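[1] Next come a sequence and a model predicted from it.
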Amino acid sequence: MDQATKAEDIQSEDTWTVAGRTFRSRLIVGTGRYKDLEETGAAIAASGAEIVTVAVRRVNLSDPKAPMLQDYVDPKKYTYLPNTAGCFTANDAVRTLRLAREAGGWNLVKLEVLGPPPLLYPDMRGTFEAAEVLIKDGFEVMVYCADDPLAAKRLEEMGCVAIMPLGAPIGSGLGVQNPAMISMMMEHITVPFLVDAGVGTASDAAIAMELGCTAVLLNSAIAHAKHPILMARAMKHAIEAGRLAYLAGRMPRRMGADPSSPLTGLIR
Amino acid sequence: MRDVLTLLLNGENRQFETPAHGLLSVLGLLAELGLDMRKVAVERNEEIVPRSRYAETWLASGDQLEIVHFIGGG
């Protein structure tokens, strides 16, 4: 087998599995904050994502025939990952996901219990409480959490199926502010490990993947770009580029030059 | 004469007439509201109502109902 074919094979066989489901795309995208549902559908298609996060909210009873997300983002084509965005207590998160399971029939969920604005930082006490109840109740919990190695390990031991620390606060677009801690946390986690929150542009997503993350979850970076569909494409490529760079293994850093051209055979 | 039920529906007090045969079910309520039952989920007094039981879950005045669906979210 030639070297180019071997490289192709490494790439084509590169999949990841969460809770028994296997995916090719390492980008999970949110479906919120778009201009309208049509743009949501187009951006998600451009991102190449196979999993999308969705929120659970009260139906607008005054307009029961309003178009719904499912009409633009087909649940048969994408894996819906219901979230608990906006839940500030464990009880609210558990109620929300029980409703989501009834609405969609899915056990795979994203748990987030948040502290107050302006940081919306993960409330780890609430997160532990909710994770315990949900796991007992048969849910497969992908969990948003602080970049705290002990908390992450504990969540994994409880049975969470993916650990998803923040790179920076939700919707901040500040990028991965904690690359060293993300790398150190990852060492001790065996389930899928994702950066969730903080990504602002394509290079941020690539950095998360170069660090060795299984995948990246983002929403605002695409939805709040001036041209969301272009940014969705950029993210798709950045995730792939970062993943390939990780698989390739980067060159060592050195403090000084090391010329690429031979220093012998020079003209005199 | 038909009874009137008062339900706390998604945080608002709403009144519904019971049907001629006497009782209003979750299924009947969703039909009355014009909602597609395949796209929503219902919680009654903080307990999930499984879809398979909509037809036999009877509502009483004072019940608190949450009717939700999926929307865009991150």
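    That came through fine.

[2] Going by C-alpha atoms from here, please, whenever you check contacts or count neighbours.
    Noted.

[3] For A:Val54, see how far away the closest residue to chain B within the stretch 101-250 of chain A is.
    Nearest residue of the stretch 101-250 of chain A to chain B (Cα to the nearest Cα) works out as A:Ala103 at 4.6 Å. From A:Ala103 across to A:Val54, the span is 12 Å (Cα to Cα, to the nearest Å).

[4] Stretch B:21-39 close to chain A?
    Yes. Residues of stretch B:21-39 are located near chain A by Cα under 8 Å from any Cα of the partner chain, namely B:Leu33, B:Gly34, B:Leu35, B:Arg38, B:Lys39.

[5] Return the member of those residues nearest to A:Pro252.
    Each of the residues of stretch B:21-39 next to chain A was checked against A:Pro252 using Cα to Cα; the closest is B:Lys39, at 52.8 Å.

[6] The residue of the stretch 101-250 of chain A closest to chain B sits in which helix or strand?
    helix A:90-104 (DSSP states H and E).

[7] Off-centre distance for that helix?
    Taking Cα atoms, centre = their mean, to the nearest Å, one finds helix A:90-104 lying 20 Å from the centre of the chain it belongs to.

[8] Contacts for the very next helix or strand once past it, please.
    Per DSSP H and E, the first helix or strand lying C-terminal to helix A:90-104 is strand A:108-111. With contacts defined as Cα atoms under 8 Å, 6 or more residues apart in numbering or on different chains, strand A:108-111 is touched by A:19, A:53, A:81-84, A:93, A:97, A:127, A:130-131, A:139-144.

[9] Which ones among those lie within helices?
    A:Ala93, A:Leu97, A:Thr127, A:Ala130, A:Ala131 (DSSP state H).

[10] Most widely separated two among these?
    So, the ones in helices among the contacts of strand A:108-111 by Cα to Cα: farthest apart are A:Leu97 and A:Thr127, at 13.2 Å.

[11] Chain neighbours aside, what residue packs nearest to the residue of the stretch 51-200 of chain A found nearest chain B?
    Closest contact between the stretch 51-200 of chain A and chain B, by Cα to the nearest Cα, is at A:Arg58 (4.2 Å). In space, A:Arg58 comes closest to B:Val68 once its chain neighbours are excluded; the distance is 4.2 Å by Cα to Cα, 6 or more residues apart in numbering or on different chains.

[12] Give me the pLDDT value at that neighbour.
    pLDDT recorded at B:Val68 is 92.

[13] my guess is it meets A:Leu99, correct?
    Yes. The criterion here is Cα atoms under 8 Å, and B:Val68 meets it with A:Leu99 at 7.4 Å.

[14] So between these two, which is more surrounded?
    A:Leu99 (27 against 22; other Cα atoms under 10 Å in any protein chain shown).

[15] can you tell me if stretch A:162-179 touches chain B.
    No. Contact between stretch A:162-179 and chain B is absent, the nearest approach being 9.1 Å (criterion: Cα under 8 Å from any Cα).

[16] buried stuff in that stretch?
    By 16 or more other Cα atoms under 10 Å in any protein chain shown, the buried positions in stretch A:162-179 come out as A:162-171, A:173-176.

[17] Nearest to A:Thr31, out of these: which one, please.
    Relative to A:Thr31, and with distances defined as Cα to Cα, the nearest of the buried residues of stretch A:162-179 is A:Gly171, at 13.2 Å.
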